[in-house]
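Chemist: Any chance you can model this:
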Amino acid sequence: MRLVITLLITLVSVPLAQAQTGAPTTRTLRGGVETGVETTAIRFGKLWDGSTVTTDAVVVVDGDRITSVGSGSRAVPAGARVIDLRKYTGIPGLVPSPLSPPPGCRFTPRCRHAAEVCSRRLPRLVIDAPDHRVSCRLADERERVGA
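Modeler: Numbers count the residues shown, from 1 in each chain. I've put the predicted structure just below:
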């Protein structure tokens, strides 16, 4: 399964931090031969791939390519550098540039529920559940009809 996940900041900032601290890097072995590609296992509490949710998800990245997606500790390759993001949910898509964000809702380019109105205006922030706020036209519409 191939996913493009919001990992840009993580994949850039963590290697920089390791370079500054002198932390060792792990290289992928294929058939006992080192490939020279760093292996990273990114753990999410949940991962939404556009249709299903995987709990305790593990995304394995070799260099700059996602090579596998699984769940649980068994999905973490031996010797891989682990980035623990289990308090977060991974979603498909690329992070828009903060220098040139898309107009309207920032999720429009990667949202399967996006409508034309989403690219024209920012949605209101509404209370979707106790202790949970969301900024989406769908939640806004639900609140307006009282559903």
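Chemist: Now do the longest strand along the chain, average pLDDT.
Modeler: In the chain, taking DSSP state E as the definition, the longest strand is strand 33-48. Averaging pLDDT along strand 33-48 yields 84.
Chemist: L122 versus D131, what's the distance?
Modeler: Using CB to CB, to the nearest Å, D131 is found at 22 Å from L122. (Each C-beta comes from the backbone N, C-alpha and C, glycine too.)
Chemist: err, T52, not the other one
Modeler: 29 Å.
Chemist: who's more crowded, these two?
Modeler: Comparing T52 with L122 by other CB atoms under 10 Å, the one with more neighbours is L122, at 12 against 8.
Chemist: which ones are touching that one?
Modeler: G104, C105, S135 (CB atoms under 8 Å, 6 or more residues apart in numbering).
Chemist: Leaving out chain neighbours, which residue sits closest to R120?
Modeler: G104 (5.2 Å; CB to CB, 6 or more residues apart in numbering).
Chemist: Pop out the phi and psi values for the one you found.
Modeler: phi 70, psi -140 (degrees, to the nearest 10).
Chemist: Am I right that it is in contact with R121?
Modeler: Yes. G104 is in contact with R121 according to CB atoms under 8 Å; the separation is 5.4 Å.
Chemist: and those two? which has more neighbours close in?
Modeler: G104 (17 against 11).
Chemist: Tell me the spacing between the more buried one and S135.
Modeler: G104 is 11 Å from S135, by CB to CB.
Chemist: Repeat that for R110.
Modeler: For R110 relative to S135 (CB to CB), the value is 15 Å.
Chemist: ranges for the helices of the chain?
Modeler: Taking DSSP state H to define them, one finds helices in the chain at 8-21, 137-145.
Chemist: Among these, show the one with the smallest mean pLDDT.
Modeler: helix 8-21 (a mean of 40).
Chemist: Distance check, K46 against V117.
Modeler: Taken as CB to CB, the span from K46 to V117 is 28 Å.
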